[in-house]
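In: Provided below are the primary sequence and the corresponding predicted coordinates.
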Amino acid sequence: MKEMYKLKYHLEPASGWMNDPNGLVEKDGVYHIYYQYAYEAEGGLKYWKQFTTKDFLHYQDEGIALSPDHPHDKSGAYSGCCFNDHGLLRYYYTGNVKLPGDYDFINAGREHNVMMVESQDGLVLDHKEVLLYNKDYPSNMSCHVRDPYVYVNDGMYYMVLGARTLDSHGCVMLYTSKDLKKWDYMKTVNYHKPFGYMWECPNYLSFENKKFLFCCPQGLESHDYDYEAIYQNGYFPLSTDLEKDCKLEDFIEFDHGFDIYAQQFFKDENGRIVMAGWMGLPDIDYTNPTVEDGYQHAFTLFREITEHEGRLYQYPIEEYKSLREDKKEIHGTSLEMNTSCFECHLPKLPQSFKLHLRGVDMEYEDGLFTIDMKMNGSGRGEKHIKIPEIYNMTIFSDTSSLELFFNDGAYAFTTRIYDKSDNVEIVCNEDIDITAYSMKNITVEPVK
């Protein structure tokens, strides 16, 4: 059974637990892809583990990159980013320390230190330093301050930190620096009303026409088909640069799926903004059967991020086209694939339609797209996306995952799926055009 749910063209650990993508960076044509890792399939003490690639098709497992071996990260090397400082890679991450004693570990009993390590080659990370301690945060902050993200603007460096206040309001804090080592508090950025109790994994995205603050809020109540996951992922469009007197505009959910969180964004050497997400979610009430085989979770597909009319679009990167083979095209109501690993394009869709594949029922009517997974045996239920009009839809299906993209990436939906199917029939209640390709495997060389 161990190979039954192994993904073919997604990254996942050979064993153990994977969560947040960390420190994504390209240096000298090599992409360095780090992620939260624990040796046990159900989690535990967090390390950073690493893959490298030049083409997103062939990967090398580089093993453990960062260990919790310092007094100020001894309870876990938590999430963070990489900043390329003229060829010197500087990694900023959260050093987690849980103190012995009877604490709630929210308002007391925990250190969340901003740590930094350096690397010349992205493979050897050393020279650990503590840059910020709990005492360096505003007095109204809880012990939950984490996930540093560093960027530069007009010659000044900025660090965004996700945070939870003592009265349980989510926010981000902005710090500034001239040398990437000494950081000074600048301000706290809030929404105009209470919006969850914690904002994790902040990212700052700057395009020519618009700026965005991305984060993963916890504690939002579901309402009118919004915020249906236990924790969300999404972004606030900004009225101006984050470090200026900016206003957070209305929050937009980024991916509405059952299994996505903690996305990280970076600019590669060609100037495109690339994203990877954790194909998982904390504290869920459904399960992943791969735990029985000693591993759990995966990366989403890597996606290119663009901006259109004040909104973020996402779509799998061009490199995946090299995995296509065995093209099939039809105009009709069904197309059968002799594999569960495929890419499928539906270029024109009627005003309302029903679609079925892999035990999943999908329906679009009156501006509401519904994904019903109750009958497919994965433990996932039903979710919805409000889309005023659907122009097109793309499906990326892998052994145990589905990623859906609507309107060229204006909306997305990511989920794990465990249907044990080698043959998949895509069925629609209307005649439509369908173009599909079976997908080859990526390759991952084991640790040297």
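Out: Cool, the structure landed. Note that the structure is a prediction, hence the values are computed from the model and not measured. Numbers count the residues shown, from 1 in each chain.

In: Sketch out the low-pLDDT regions of the chain for me.
Out: For the chain, applying pLDDT under 70 flags the ranges 1-2.

In: Can you verify my assumption that F342 contacts V424?
Out: Yes. With contacts counted by C-beta atoms under 8 Å, F342 reaches V424, the gap being 7.2 Å. Glycine gets a C-beta too; all of them are placed from N, C-alpha and C.

In: From P148, how far out is P202?
Out: P202 sits 9 Å away from P148, going by C-beta to C-beta, to the nearest Å.

In: what residues are shared contacts of the two?
Out: In terms of C-beta atoms under 8 Å, 6 or more residues apart in numbering, P202 and P148 are both contacted by the residues 160-161.

In: which of the residues in the helix or strand containing L355 are buried?
Out: Here L355 sits within strand 353-357, counting by DSSP states H and E. Of all the residues in strand 353-357, those buried under the rule 16 or more other C-beta atoms under 10 Å are 353, 355-357.

In: Show me what that strand is packed up against.
Out: The helices and strands touching strand 353-357, judged by 3 or more C-beta pairs under 8 Å, 6 or more residues apart in numbering; DSSP states H and E, are strand 360-365, strand 424-439.

In: what about 10 Å?
Out: Judged by 3 or more C-beta pairs under 10 Å, 6 or more residues apart in numbering; DSSP states H and E, strand 353-357 is in contact with strand 324-337, strand 342-346, strand 360-365, strand 368-372, strand 393-398, strand 424-439.

In: Any idea how many residues pack against A436?
Out: Other residues lying near A436 total 24 when counted by other C-beta atoms under 10 Å.

In: N19 against A276, yeah?
Out: No. Under the criterion of C-beta atoms under 10 Å, N19 makes no contact with A276, lying 11.9 Å away.

In: between the two, what contacts are shared?
Out: By C-beta atoms under 10 Å, 6 or more residues apart in numbering, N19 and A276 have these common neighbours: 35, 262.

In: right, and the secondary structure at the nearest residue to D85 once chain neighbours are set aside would be what?
Out: Leaving aside its sequence neighbours, D85 sits nearest to L180 (C-beta to C-beta, 6 or more residues apart in numbering; 6.1 Å). Here L180 takes the coil state, with states given by DSSP: H, G, I helix; E, B strand; the rest coil.

In: Tell me the spacing between L180 and C81.
Out: For L180, the distance to C81 equals 12 Å [C-beta to C-beta].

In: What's opposite M173 in the beta bridge?
Out: L161, T188 (DSSP bridges).

In: List the contacts of it.
Out: 132, 137-138, 141, 145, 148, 159-163, 185-189, 199, 202.

In: how far is stretch 171-185 from where the chain is centred?
Out: In terms of C-alpha atoms, centre = their mean, to the nearest Å, the centre of stretch 171-185 is found 24 Å from the chain centre.

In: Report the separation between the two terminal residues of that stretch.
Out: End-to-end span of stretch 171-185 (C-alpha to C-alpha, to the nearest Å): 14 Å.

In: same deal with stretch 128-141?
Out: Across stretch 128-141, first to last residue, C-alpha to C-alpha, it's 25 Å.
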